[in-house]
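Engineer: Next comes the sequence, and after it the predicted model I'd like to discuss.
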Amino acid sequence: MPGTHHRLRRDLASALAEFLEPEEAQAECVRWFEDGLGLSRTWLATHGSEPVPEARARQVADWLQRRRAGEPWAYLLGWALFRDRRFQVTPATLIPRPETELLVEAALDIGQRLGVERCVDVGTGSGIIAVSLALETSWQVSATDLSPGALAVARANAAQLGARLQFHEGSLLESVPEPLGLVVANLPYVDPADQPTLQRELAFEPASALFAPERGLALSKALLSQARTRQAPACLLEIGSEQGGELCRWAMGLGWGKALVHQDFAGHDRILIALA
Ligand SMILES: C[S@@+](CC[C@H](N)C(=O)[O-])C[C@H]1O[C@@H](n2cnc3c(N)ncnc32)[C@H](O)[C@@H]1O
């Protein structure tokens, strides 16, 4: 005799609570039903006593096994929201983080103030920054990444969301033609020495999207240098929580006219803005 949807929901909530914090388990349970199975609360209120089809029960059991092993929910689902848009994510791409919205907001603000017409998103991953900027401005936006797998996902997201972008494959700015316009990037900035202490879910995301040599600073420093040499009007970076001071000094040493840091919701260094 198959169980009902009410029963499945109760069982799922307790199974998730075995390895997630209580609040997180509750929130995920709702997301599994609503986003994963496409069953709204309203549907559940009226059909909750109906038996669960076998394929649906198997699907939940499969997700649960993978989730218990630490795989992030966004990879099981295959998409994540960023600025209210749905972006495909795969294990070739980082999962969008809420902090990155601050980078997009800073780029919109600085780009508007400087009157830029172009912008390049370096290390585009799933394309969240480039697609958001292309859809929210009239700028010509290009996106670049070292990873062909990430670029394929970014291309699919741009097509799906109707964003017109130019794509380049290569390291930092090497394959991006001039003029650059605003340079925006959420490059890897995690210190490889921190790897053993990180959440186990991060092990499912590509290491090439997370870690950078030189205590996490190497790529940010290299991009600030390239963007300065190639006369970008500004370079905006998402950075690690304690990297602001060192990167500001680095930027000023490269001849940027001004460098400042914005903090995130938790009061940590998060966005570096270098202005020519
Ligand atoms: C932290 S992820 C950010 C992805 C996306 N921009 C976001 O905010 O979700 C960093 C991205 O930078 C790319 N990357 C790493 N090293 C790079 C390099 N030298 N040049 C260009 N892209 C690089 C990775 O492949 C990855 O997609």
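Structural biologist: Cool, the structure landed.
Engineer: Tell me the residues of the stretch 1-150 of the chain that contact the ligand?
Structural biologist: For the stretch 1-150 of the chain, the residues in contact with the ligand under the definition Cβ under 6 Å from any ligand atom are 94, 96, 100, 122-126, 128-129, 145-147, 150. (C-beta placed from N, C-alpha, C; glycine too.)
Engineer: What's the separation between R85 and G78?
Structural biologist: Counting by Cβ to Cβ, to the nearest Å, the gap from R85 to G78 is 15 Å.
Engineer: Contacts only, for the residue nearest in space to the middle of the chain.
Structural biologist: Most central in the chain under Cα atoms, centre = their mean is P96, positioned 2.1 Å from the mean C-alpha point. When contacts are counted by Cβ atoms under 8 Å, 6 or more residues apart in numbering, P96 touches A80, L81, F82, F87, V89, S126, I128.
Engineer: Tell me the confidence at it?
Structural biologist: P96 carries a pLDDT score of 98 in this model.
Engineer: about what we covered before: compare R85 and G78 and say which is more crowded by neighbours.
Structural biologist: A direct count of neighbours by other Cβ atoms under 10 Å for R85 and G78 places R85 higher, at 17 against 11.
Engineer: Give me the phi and psi angles of that one.
Structural biologist: The phi and psi torsions at R85 (degrees, to the nearest 10) take the values phi -110, psi 150.
Engineer: for I271, same thing?
Structural biologist: Note on I271: backbone dihedrals following degrees, to the nearest 10 are phi -120, psi 130.
Engineer: Also P188?
Structural biologist: In this entry, P188 is assigned phi and psi values of phi -60, psi 130 (degrees, to the nearest 10).
Engineer: need the contact list for it.
Structural biologist: G123, S208, A209, L210, F211, A212, G216, L219.
Engineer: Looking at those, which is nearest Q59?
Structural biologist: Distance from Q59 was checked for each of the contacts of P188 by Cβ to Cβ. The minimum falls on A209, at 27.7 Å.
Engineer: what sits against the residue lying closest to that closest one once chain neighbours are set aside?
Structural biologist: Once its chain neighbours are removed from consideration, A209 has its nearest residue in L94; the separation is 4.2 Å (Cβ to Cβ, 6 or more residues apart in numbering). Under the criterion of Cβ under 8 Å, 6+ apart, the neighbours of L94 are G125, S126, N186, E205, P206, A209, L210.
Engineer: What about these, which are in strands?
Structural biologist: In strands, judged by DSSP state E, none of the contacts of L94 are found.
Engineer: wait, which of those is closest to the ligand?
Structural biologist: Ranked by distance to the ligand (Cβ to the nearest ligand atom), those are led by G125 at 2.4 Å.
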